[in-house]
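Undergrad: Give me a 3D structure for the following:
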Amino acid sequence: MLDINLLRNEPEKVKENIRKKFQDQKLPMVDEVIAFDKEYREAIQQADSLRNKRKTLSKQIGGLLGKGLKDEAEQVKAEVAAMADELAALENREEELKGEIRKRMLVIPNIIDDSVPIGKDDSENVEIQRYGEPVVPEWEIPYHVDIMERLNGIDLDAARETSGNGFYYLMGDIARLHSAILSYARDFMIDRGFTYVVPPFMIHGNVVTGVMSFAEMENMMYKIEGEDLYLIGTSEHSMIGKFIDSIIDEDKLPKTLTSYSPCFRKEVGAHGIEERGVYRIHQFEKQEMIVVCKPEESPMWFDRLWQNTVDFFRTLDIPVRTLECCSGDLADLKVKSLDVEAWSPRQKKYFEVGSCSNLGDAQARRLQIRVRAQDGSKYFAHTLNNTCVAPPRMLIAFLENNLKADGTVAIPEALRMYMGGKDHIG
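TA: Next up, the predicted model:
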């Protein structure tokens, strides 16, 4: 959510940002907010003036009664009573206007960074760099589910009966590999100085609207019927929510946290849930990175976060590349975002396995996460998040890149201690 002063003082900057994101339908909202804000401030001034006048008249009543001027006192009482009705009407109007302003401010997009490439959708994202040599082996790489089934590692049919498409049973060495990757990711991030956290897997509605846009919320979140609780789509949601309504001393920043959680997503508006496959699913697990920092430090942390993901995948012999997300591919709260994509030898192309985002002060403004400076002044923190690893999607890249001609899967040295010392499965 933007600072209202930006709309008051630089409305054209806000409109130009909306155009860069190809959301022209939101342009009228800027003028609507400005008009509502003007009326809102006028209502506050009128209400304050009325309160002062009422206070003055109320003092007169006692004086008039003390002088025996009962009729005059009753006239003033009637005037004060009439003011009470007018004041109540003004206060109601203030609340209405505040609601109209907030409703629009929540969907006006954040100001994107000047370095973000302009483009309509993810087809116009820009490749930044490749890490590792993408290899297509001489032998055929089967579909990832076929690899798992040959290793007795997945049962989609049973999951379809119990839960529907988008769910799975992982078994045996594949299930162990899934857990090993998460355990390794946990330790990898701890070794890089991050504090390990297991957060709540459900959050209240005010936290949901604090951490994401309405479009994301509608397409992603599962609501618990009859309760003000939502299943998290990523641990970022409850991790940022951890700091709601807090004031953090400047010398306690940055907060660098790495969190494990299951994630639940409706995937509404996505390309559909495959009947066979674990690329786009309703339930998965993830190791996440979260940073809460001073505004001037967020660009540095952005680069460090995505580099962590690149380094993690390279220790597992998986080639990756980084893509700068264009303006039209950015969610409304994001200032800047970069995707990490892993190489798929079967498809002979890269696919997304993680996303790093700098949200500026958007989440902090919504959730009132403030920083107390040395001089006692307060300002909003910046928040960032990044995926370290999210199996089972990551298993696709792992299995394809480590599959051998004989059908076995090599286990890189970094993972062996989490796999009981095994150097292969199959």
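Undergrad: Run me through the strand neighbours of the one helix or strand Thr258 maps to, direction for each.
TA: Here Thr258 sits within strand 255-264, counting by DSSP states H and E. Strand 255-264 has its sheet partners listed here by DSSP bridges as strand 195-197 (parallel), strand 283-293 (antiparallel).
Undergrad: Can you name the residues in contact with it?
TA: Strand 255-264 is touched from outside by 182, 186, 189-190, 193-199, 201, 222, 231-236, 238-239, 243, 248, 282-293, 388, 390, with contacts defined as CB atoms under 8 Å, 6 or more residues apart in numbering. The way it works is simple: take the backbone N, C-alpha and C, and place the C-beta from them, glycine included.
Undergrad: so for that strand, what's the average pLDDT?
TA: Mean pLDDT, strand 255-264: 97.
Undergrad: now stretch 267-281
TA: 71.
Undergrad: Name the stretch among the strands paired with strand 255-264 that sits most buried.
TA: strand 283-293 (a mean of 24; mean count of other CB atoms under 10 Å).
Undergrad: Got the phi and psi for Ile224?
TA: Dihedral angles of Ile224 (phi, psi; degrees, to the nearest 10) stand at phi -80, psi 120.
Undergrad: Who are the contact partners of it?
TA: Ile224 sits next to 202, 230-231 when contact means CB under 8 Å, 6+ apart.
Undergrad: Only the buried residues of the longest helix that the chain contains, if you could.
TA: Longest among the helix segments of the chain by residue count, using DSSP state H, is helix 27-66. By 16 or more other CB atoms under 10 Å, the buried positions in helix 27-66 come out as 29-30, 33-34, 36-37, 39-40, 43-44, 47, 50, 54, 60-61, 64.
Undergrad: which stretches of the stretch 301-426 of the chain form strands?
TA: 320-324, 336-344, 349-358, 370-372, 378-380, 382-389, 409-410, 424-425 (DSSP state E, counting those that start in this stretch).
Undergrad: can you check the stretch 1-150 of the chain too?
TA: According to DSSP E, counting those that start in this stretch, the stretch 1-150 of the chain carries its strands in the segments 126-131.
Undergrad: Any stretches of it with poor pLDDT?
TA: 58-59, 61-62, 64, 74, 76, 80 (pLDDT under 70).
Undergrad: And for the stretch 251-400 of the chain?
TA: In the stretch 251-400 of the chain (pLDDT under 70), the answer is 268-275.
Undergrad: which ones are touching the nearest residue to Ile111 once chain neighbours are set aside?
TA: Leaving aside its chain neighbours, Ile111 sits nearest to Asn17 (5.2 Å; criterion: CB to CB, 6 or more residues apart in numbering). When contacts are counted by CB under 8 Å, 6+ apart, Asn17 is found next to 109, 111-112.
Undergrad: Nearest approach to Asp173 belongs to which of the strands of the stretch 301-426 of the chain?
TA: Closest of these to Asp173 is strand 424-425, at 4.1 Å (criterion: CB to CB).
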